[in-house]
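Enquirer: mind folding the following:
(one chain, ligands or ions: 1)
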Amino acid sequence: MVQALETVPAFYEDAYRTELMVWVDGFAEDERFGPALVFSETLCHPHGGGQKGDRATLELPAEDARALGAGAALSIVDTRRAGGRLLHVLGAALDPAAAEEVLVGSKPYLLKLDWEFRYRQMRLHSAAHLLHCFVEQVLARAVNFPETSDLQPEYGLNRYEQKELLTHEEMAAVLERLNAFTAEGHAITTYPDDDKPGFRYWQCADWVIPCGGTHLANTREIGPVKADLSLKRGRTGMTFRVTGP
Ligand SMILES: [Zn+2]
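Expert: Predicted structure coming up:
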């Protein structure tokens, strides 16, 4: 059971939106993640499903910056889910009393997403799904989803529990088909599950994958994908990168 989000996830409505006025609902000193802000609504997708938590800045009017002893903007270095709340993890500590007094419920603030970071995550994330789809197509059979599908800022890793799932020749065929397909410019859509709150799906052509991540609108934006196949230690690993602008 996925707990319903108390923070409105504006990134599902429009994954390309980079700025939003948000109200600060609370300040938390989280045991695991450190000082963090909770907003009523957010553009920041949390860490999860392989995707890294979004980064952003919260712009401060001069008088608020002075009262907090902070700069012109608060730096958000990660976004994490804690129960139904999304924690916007701050890069620097704040005095809790001052944070409560100045920020919480006082007025809306401008949240600016780190778009360069997020867009690469979206490109890598869409590439991760399509890699799997073309592995199935080249092998001409259903394959369990990767046991790990992890995105770093600059690359992704799909790791399957099956040993030697495919050969280097088959991997070359996967990449060739994948890159030809993405260049054709196919639409990518995401939609919620009407029966299961909190569940979402990714769809491209006839492929549907359960996923609550943020995605591109079109495969052309992924750009050419390069990948290295590793068949070591009883696993099949694919480290992949997106290239181009
Ligand atoms: Zn996804």
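
Enquirer: domain parsing for this structure?
Expert: 8-113, 117-242 (automatic domain parsing).

Enquirer: who in the protein is up against the ion?
Expert: With Cβ under 5 Å from the ion as the criterion, the chain meets the ion at residues 202, 211, 213. Every residue, glycine included, has its C-beta placed from N, CA and C.

Enquirer: what's the neighbour count on the closest residue to the second one other than its chain neighbours?
Expert: Sequence neighbours aside, W202 is the residue nearest to C211 in space, at 4.4 Å (criterion: Cβ to Cβ, 6 or more residues apart in numbering). Applying the criterion other Cβ atoms under 10 Å, we find 20 residues in the vicinity of W202.

Enquirer: assign W202 to helix, strand or coil.
Expert: Secondary structure state of W202, per DSSP: H, G, I helix; E, B strand; the rest coil, is strand.

Enquirer: OK, contacts around it?
Expert: 129, 188-190, 208-211, 213, 215 (Cβ atoms under 8 Å, 6 or more residues apart in numbering).

Enquirer: in PyMOL, select just the buried ones from these.
Expert: Selecting only the buried entries of those in PyMOL, with 16 or more other Cβ atoms under 10 Å as the criterion:
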select buried, resi 129+188+190+209+211+213+215
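
Enquirer: looking at the chain, what residue ends up closest to the ion?
Expert: C211 (3.2 Å; Cβ to the ion).

Enquirer: related to what we said a few turns ago, filter the contacts of W202 down to the ones in strands?
Expert: 188-190, 208-210 (DSSP state E).

Enquirer: of those, closest to S230?
Expert: I209 (22.8 Å; Cβ to Cβ).

Enquirer: any figure for the gap between the closest residue to that closest one other than its chain neighbours and L229?
Expert: In space, and not counting its chain neighbours, I209 is closest to W202: 4.8 Å by Cβ to Cβ, 6+ apart. According to Cβ to Cβ, to the nearest Å, W202 stands 24 Å off from L229.
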